[in-house]
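*Asks:* Generate coordinates for the sequence data below:
(one chain, ligands or ions: 1)
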Amino acid sequence: MTTLRCSDSPMEAPGKPSAVYTTDLGTRYLRAPGVQMLARPAFAPRGLEHFLSGFDAAAEMSASLSDPDALPGGTALCKAAGQLCYMSFGPRRTPNAEAERYFANIIASGHGSVLEHAVYSFLIYGVSRSLTHELVRHRAGFAFSQVSQRYVSGAVLRFVERPEFVDDPPLHEAFVRRIDAIAAQYSAMQRDLGEMQKHGDSVLAGQTGTERRKRVQQAARALLPNETEAPIIVSGNVRAWRHFIEARGNSHADIEIRVLASIVLSCLRRAEPILFGDYEETELSDGTVSITTVHRKV
Ligand SMILES: Cc1cc2nc3c(=O)[nH]c(=O)nc-3n(C[C@H](O)[C@H](O)[C@H](O)COP(=O)(O)OP(=O)(O)OC[C@H]3O[C@@H](n4cnc5c(N)ncnc54)[C@H](O)[C@@H]3O)c2cc1C
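*Replies:* Alright, predicted model coming up:
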């Protein structure tokens, strides 16, 4: 099975790096998604103290503040949100030690809004423009910041080799020839457009240096293929990530985004085993996995 597991990086956040390869002519490419969690919730339970102290002492609302079992940040935050719904912070609340049962109920009953409080941000690279075109179709609960092909130059141009090509020498060689040719054509197109701009072409004219550069890049990018790398930072809440994992980890999804879904699930599970504990992965004949849960779309 392809290795889809993430590990803790030196930054102490789950991630799975991806190697960069270079063709003989110097064109850079990657063969798998690189995924690095950049941010996750840090729950501050003491923040509840003043609020909980304002109720009848007999209710012992502050009992939850001395719960001896710590939970990961997102689980703790979502649990506090769920507890607030019923003001169950006293001795009869579900203790942290039983958080797994607590969230099994939340997830099975479809009380998914509780899961929207916890947001996780990932840097994702080594993915193609066709993958990110599918990724950004997910609207609810997500934020995206993607490399602008109008702003950046050929200096950061990289490509992504599809899994189907990697172990097939003719397909791999064709890929290498193709990306070397595209990198050269892109560079020539930038140069030609830059010359036209210098000679006063009105379509390419701009007031500032940035504007002039964008005029050139936005035209030159027209020849870039779907296999161009498109790095992106994605932030999403637990409910949104769960929906993404279910839709894109499905056996009907494209293999590239299915691999990404599996790595993201692995990272999220490492950070929050309880919130993502209901997923099952089944090995497929192509060496990848499909992801399923009985609790879709909470
Ligand atoms: C295997 C597969 C094949 C696909 N093929 C195609 C294709 O051929 N062509 C194509 O165009 N797309 C295709 N898609 C993309 C798909 O149609 C969705 O756009 C994408 O998966 C995002 O899903 P979503 O809208 O459920 O997610 P999100 O946008 O994240 O929304 C999450 C949920 O919020 C609710 N929601 C969000 N926005 C609204 C709204 N405006 N109104 C009401 N409810 C809302 C819905 O319940 C939705 O499921 C495909 C997706 C998959 C997984």
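
*Asks:* Now do residue 88: how many residues are near it, please.
*Replies:* A total of 14 residues lie near residue 88 under the criterion other CB atoms under 10 Å. The way it works is simple: take the backbone N, C-alpha and C, and place the C-beta from them, glycine included.

*Asks:* Enumerate every residue touching the closest residue to it other than its chain neighbours.
*Replies:* Leaving aside its sequence neighbours, residue 88 sits nearest to residue 94 (CB to CB, 6 or more residues apart in numbering; 7.4 Å). Contacts for residue 94 were tallied using CB atoms under 8 Å, 6 or more residues apart in numbering; they are 79, 83, 88, 101, 102.

*Asks:* quick one: the first one and residue 71 touch, right?
*Replies:* It refers to residue 79. Yes. Using CB atoms under 8 Å, residue 79 is in contact with residue 71, at 6.6 Å.

*Asks:* With neighbour numbers in mind, choose between the two.
*Replies:* More crowded of residue 79 and residue 71, by other CB under 10 Å: residue 79, with 25 against 20.

*Asks:* How about the contacts made by residue 69?
*Replies:* When the contact criterion is CB under 8 Å, 6+ apart, the partners of residue 69 are 95, 96, 97, 99.

*Asks:* Run through who's touching the host helix or strand of the last one.
*Replies:* In this case it means residue 99. Using DSSP states H and E, residue 99 sits within helix 99-108. Helix 99-108 is contacted from outside by 69, 71, 75, 78-79, 82, 94, 112, 114-115, 274-275, 277-278, 295, 298, using CB under 8 Å, 6+ apart.

*Asks:* swap in stretch 195-207?
*Replies:* 193, 212, 213, 214, 215, 216, 219.

*Asks:* Show me what from the stretch 151-298 of the chain comes close to the ligand.
*Replies:* 240, 243, 247, 248, 250, 252, 253 (CB under 6 Å from any ligand atom).

*Asks:* how about the helices in the stretch 101-250 of the chain?
*Replies:* 129-135, 163-166, 169-198, 209-220, 238-248 (DSSP state H, counting those that start in this stretch).

*Asks:* among those helices, which is the most enclosed?
*Replies:* The highest mean neighbour count among the helices of the stretch 101-250 of the chain, using mean count of other CB atoms under 10 Å, belongs to helix 238-248: a mean of 23.

*Asks:* picking that back up, any idea how far the residue nearest to residue 88 lies from residue 298?
*Replies:* For residue 94, the distance to residue 298 equals 18 Å [CB to CB, to the nearest Å].

*Asks:* Mind checking which of the contacts of helix 99-108 are buried?
*Replies:* 71, 75, 78-79, 82, 94, 112, 114-115, 274-275, 278, 295, 298 (16 or more other CB atoms under 10 Å).

*Asks:* Just the closest of those to residue 23, please.
*Replies:* residue 275 (41.6 Å; CB to CB).

*Asks:* Please identify the nearest residue in space to that closest one, excluding sequence neighbours.
*Replies:* residue 238 (5.3 Å).

*Asks:* The one you found: what's it in contact with?
*Replies:* Contacts of residue 238 by CB under 8 Å, 6+ apart are 74, 78, 115, 116, 117, 118, 120, 268, 272, 275, 276.

*Asks:* Next one, pLDDT for it please.
*Replies:* Model confidence at residue 238, expressed as pLDDT, equals 98.

*Asks:* cool, residue 242 as well?
*Replies:* For residue 242, the predicted pLDDT is 98.

*Asks:* how about it, what does it touch?
*Replies:* Neighbours of residue 242 in contact, by CB under 8 Å, 6+ apart: 112, 115, 276, 297, 298.

*Asks:* Can you add pLDDT and give those back as a markdown table?
*Replies:* Below are those laid out as a markdown table (pLDDT from 0 to 100):
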| residue | pLDDT |
| --- | --- |
| 112 | 95 |
| 115 | 98 |
| 276 | 97 |
| 297 | 91 |
| 298 | 94 |
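
*Asks:* Pull the most distant pair out of the residues of the stretch 151-298 of the chain next to the ligand.
*Replies:* 240 and 252 (20.0 Å).
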